[in-house]
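1. 3D model of this:
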Amino acid sequence: VSPATADRWATRAGPIAAVLAIAALAVAGRPDRAEIPAIAACAATASVHVARLRRTRRARARYRFALDRRHEMDVAHTEESLRTSSPFRLPASCLGHLSVARVRFRYRRSGPWVLDDVSFDASPGETLVLWGPGGAGKSTVLSLLLRLHDPEQGSIRLDGIDLTGVSPESLRRRVVAPSALERPAGRSAELREAAAELGFSGVLGRRRLALLGAVLGRPQVLVVDELDGLGDREGIAALRLGLRRLLPSSTLVLATRRLEVVAPTDLVCLLDEGVVRFSGAFEDGSHSELSRALRRQGSFPRILDGR
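-> Predicted coordinates for the structure are as follows:
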């Protein structure tokens with residue numbers, strides 16, 4: 001139903017309701033004339049309220065459109081500002097050593113800190129898992145690695161180079177996230193081989209195609225958000241093995257809510273409410289050191305409930 005049609009029916013709702021009420025009284029055998037003015041008054045009141053709802057709905061639609069346009073303009077302005085203020089291009093010899101030091105970030109200057117004193121390191125060939133409940137700050141960390149935003153405090157370095165001085169285009173050839181807007185490049189045979197290596201079969205959805213395209217680009221750093229949505233536990237385990245075979249020397253940064261997809265050899269950075277609760281090697285898979293760290297912070301029950 002189009003909005004115009006909905007508006008017309010909403011305007012007629014009061015009179016129609018009044019006619020139906022009078023008809024119901026007639027069928028019931030008691031068409032009391034004294035009740036008809038009351039019904040008409042109720043219908044008029046309903047029409048007034050419906051008209052107000054229509055105005056409110058239109059105002060909300062205009063406001064939403066204005067917000068969307070403002071967001072698009074802000075993103076475009078940010079991208080242009082980063083492009084003109086960051087002329088440095090990463091060298092072709094970039095290896096992929098990530099160092100995040102004492103990073104603090106918030107989306108508005110007057111808003112709360114989304115990330116507070118976040119630090120971690122990951123070297124080429126290592127897998128770093130950002131683990132934590134929804135809203136912990138995992139996606140925000142990934143957006144900073146891709147330089148969609150810059151940290152307000154602290155630093156993010158790639159091979160010792162501060163990202164705030166690097167052009168976004170150059171950075172995103174080295175640090176890559178799957179994009180559903182891009183089609184995987186490569187010959188069909190190469191695509192099939194890579195898909196099989198990652199454990200993909202049948203018709204591939206957008207997320208898997210996007211990941212396939214990112215992997216075939218052979219980036220120095222691959223970041224994957226919401227790893228949970230790419231399969232069940234066995235599927236993700238196969239996917240991770242395939243990623244490491246296809247990108248043996250790349251740094252992998254994976255974000256997940258599920259503890260069971262973390263491998264014993266991973267580096268783990270546990271985020272909760274924008275704060276690092278644990279950072280280190282997940283060495284033997286027993287989770288004992290991690291559990292102790294969580295309990296010391298008082299975060300264990302909440303994080304496990306949100307995993």
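2. wait, doesn't residue 100 sit right on residue 153?
-> No: look at residue 100 against residue 153 with C-beta atoms under 8 Å: they stay out of range, at 11.9 Å. The C-beta positions use only the backbone N, C-alpha and C, and glycine is treated the same way.
3. Those two: who's more crowded?
-> Neighbour tally, residue 100 and residue 153, criterion other C-beta atoms under 10 Å: the higher count belongs to residue 100, 24 against 14.
4. which residues does the residue nearest to residue 166 when sequence neighbours are not counted contact?
-> Closest residue in space to residue 166, ignoring its immediate chain neighbours: residue 88 at 5.1 Å, by C-beta to C-beta, 6 or more residues apart in numbering. Shown in contact with residue 88 (C-beta atoms under 8 Å, 6 or more residues apart in numbering): 161, 165, 166, 167, 170.
5. Filter those down to the buried ones, PyMOL style.
-> Listed next is the PyMOL selection for buried residues among those, using 16 or more other C-beta atoms under 10 Å:
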select buried, resi 161+166+167+170
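6. Just the contacts of residue 88: which are in strands?
-> Among the contacts of residue 88, the members found in strands (DSSP state E) are residue 161.
7. want to throw the contacts of residue 88 into a markdown table with distance to residue 253?
-> Supplementary listing: those in a markdown table, determined by distance: C-beta to C-beta, whole Å:
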| residue | distance to residue 253 |
| --- | --- |
| 161 | 17 |
| 165 | 21 |
| 166 | 17 |
| 167 | 21 |
| 170 | 18 |
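8. quick one: which of the contacts of residue 88 sit in helices?
-> Per DSSP state H, helices hold the following members of the contacts of residue 88: residue 170.
9. Assess the claim that residue 122 and residue 128 are in contact.
-> Yes: using C-beta under 8 Å, residue 122 is in contact with residue 128, at 4.1 Å.
10. which of the two has more neighbours?
-> Neighbours were counted for residue 122 and for residue 128 using other C-beta under 10 Å; residue 128 has more, 23 against 20.
11. Which helix or strand contains the more buried one?
-> strand 127-131 (DSSP states H and E).
12. Can you show me the strands along the stretch 51-200 of the chain?
-> Assigned by DSSP state E, counting those that start in this stretch, the stretch 51-200 of the chain shows strands spanning 98-105, 115-122, 127-131, 153-158, 161-162, 175-176.
13. what's the burial count for residue 143?
-> By other C-beta under 10 Å, 15 other residues sit near residue 143.
14. Touching, it and residue 149? I think so.
-> Yes: counting by C-beta under 8 Å, residue 149 is a contact partner of residue 143 at 5.6 Å.
15. what sits in contact with each of these two?
-> Between them, residue 143 and residue 149 share no contacting residue under C-beta under 8 Å, 6+ apart.
16. coming back round to it: closest to residue 255 among the contacts of residue 88?
-> Proximity of the contacts of residue 88 to residue 255 (C-beta to C-beta) peaks at residue 166, which lies at 22.1 Å.
17. quick one, what contacts the closest one?
-> Neighbouring residues of residue 166 by C-beta under 8 Å, 6+ apart: 86, 88, 89, 90, 147, 158.
18. Good, wrapping up.
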